[in-house]
Structure formats: C-alpha cells, structure tokens
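Colleague: Here is the input, now give the coordinates:
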Amino acid sequence: MTTASARPDTMPVAGHLREGRRRIIRVAAALAVAMVIAYLLSDQVLEVLRAPVVEIAQTRAASINYDSITGAFDLKLRIALFGGIALSSPVWLYQLLAYIAPALTTREKRYTFGFIAAVIPLFAAGCAAGVAVFPRIVELLAGFASSEDSTLLQASYYVDFVMKLVLAAGVAFTLPAFIVVLNMMGLLSAATVARSWRGITISIVVFSALVTPAADLLSMFLIAVPMVVLFGISLSIAWIHDRRLPKNTGTDLTAGDTVTPTLEEVS
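Modeller: Numbers count the residues shown, from 1 in each chain. Purely as a prediction, here's the structure:
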C-alpha cells in the first residue's frame, strides 16, 4: 500500500548530484558574465558614489582616497562581484527554486513561490530607497566637520558604508512579507500583530533613525513612511486571511479537550 507521502518521481542521490552540478555550472557562467558587465559599469557606479563627496568638496577639501597601489582595482573588483551577484540573481534564484521544487508539496510550493514573489520587489524597493537617501546621509555626517578640516574618505570603507546602508534598507522592506507568510502558516494571527502595532511602529522609527542621521528628518521619513505603509498592508492581508478561516477551527479548545468525530466524519 502506497502512503500519501510517497513520491513517484523520487531521484537517486547520484541524479541529485548530477542535477546540482549542472545547475551550479549554469549559475557560475551567469555570474561570470554578470561580473564582466558590472565591471564595465563600475565607473558609472563610482560616479554615483562620488556625487555627494563632490558636493562636499564645494565647501572644503574632500575626496575619496585609496590606501594602496591596487586599491582602485580592488574596489572595481568588489563592485563587479556584488554587481554580478545582483545582475545574475534571476538566474541563480531560478536554478535554486528549480532544484528544490520537486521536493516540495503543493502547499509548500505555494508558500515558497508566493513569498519570493513578494520579497524580490520589496527588497528592490528598499534598496532603491537606500540609494535615494545615502547622498543626504553622507553630506549630513560629513557636515559635522569644521570648514577648516578636510574630508578624506577611504574608498573601501566608504563603499562598505553605502552598501550596508542600501542592504539594510532592502532587508527592512521585506519584513512585512515575513508577517504575511507566518500568518498564512497559522503561526501568527492578525490580532497578535494588531496588538503590537505601537511597538512595531516605534521599532520602525528607531531603525530609520539608526540607518539615517536623526537630524535629517526627510531621509528618515523616506525610510520610515514606506515601511509603515507596508506594515499596514501586511496587517490588512493577514486580517483578511484570518476572517476567511472557518470559525470552528478548534482554536478555542482548552488543554485536555477532545473532539468526538461524528458518523459523517468517520465515514
């Protein structure tokens, strides 16, 4: 007798290894091509990164500096690596999903693909917000120095600072998707989220103040307002989902209660 969990398309270990190797080769090829493209675009990326420093240089000495002979080349390689990962993300993400999809049930596929479909645009929107606010942040932080002082920024440190800021904004924008997924899985109710709205709102404001200087209210609002809106949307989705659930789910049973099936349920 075949159990419900048995899968007719079970693949032997050797087959999994061969498929994994094929997909890794495709990912490596896509990453290599994307890194070449990102390297060719590295000068344009550096122009964007250099823009706030040029703005600071209008009032006092300011520049991006390299601390070694190979510093400029190393920085371009770093931009090529991270840019290649971003540009090739559709390929490696598809290969990863295609590899694990046969092992997932229909419900798991629905949750996984739905979560990824929501996370990708949210992460992209968060990164775009980070790119939009980082020049104001750099100018504001550098503005604390006296006009008689010089602002000499180490290139690698400066790029790391901007990258962490952009990634932090991108990750923060994806948090509402986790709320929706946990709600769909039955691990987090909309009522629980609604009761915590004050704490969540304060956390969003604190996070926005940490990734943007507290004195720059506009930059903080550019991060905080979209996050609050996304939180409201995720709460609305969770609330609609909970209202569509049947009332007699048994969630109000106390410990030790049992449910006696009827003849119709047994048959």
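Colleague: hey, where'd the strands end up in the chain?
Modeller: Ranges of strands within the chain are 62-65, 151-154, based on DSSP state E.
Colleague: Could you export the ones you listed as JSON lines, including mean neighbour count?
Modeller: Where you see a C-beta, it was placed from the backbone N, CA and C, and this is true even at glycine. Shown next, in JSON lines, are the strands of the chain (neighbours: other Cβ atoms under 10 Å):
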{"stretch": "strand 62-65", "mean neighbour count": "16"}
{"stretch": "strand 151-154", "mean neighbour count": "16"}
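Colleague: Residue 29 is in contact with residue 92, correct?
Modeller: No - Residue 92 is beyond contact range of residue 29, at 10.6 Å (criterion: Cβ atoms under 8 Å).
Colleague: So for these two, which sits in the more crowded spot?
Modeller: Between residue 92 and residue 29, counted using other Cβ atoms under 10 Å, the more crowded position is residue 92 (18 against 12).
Colleague: how close does the residue nearest to the more buried one when sequence neighbours are not counted sit to residue 41?
Modeller: The spatial neighbour of residue 92 that comes closest, neighbours along the chain excluded (Cβ to Cβ, 6 or more residues apart in numbering), is residue 27 at 4.4 Å. Distance, residue 27 to residue 41, by Cβ to Cβ, to the nearest Å: 21 Å.
Colleague: out of these two, which sits in the more crowded spot?
Modeller: Between residue 27 and residue 41, residue 27 has the larger neighbour count (other Cβ under 10 Å), namely 17 against 14.
Colleague: Who are the contact partners of that one?
Modeller: Neighbouring residues of residue 27 by Cβ atoms under 8 Å, 6 or more residues apart in numbering: 88, 91-92, 95.
Colleague: ok, it to residue 171 distance?
Modeller: Going from residue 27 to residue 171 by Cβ to Cβ gives 22 Å.
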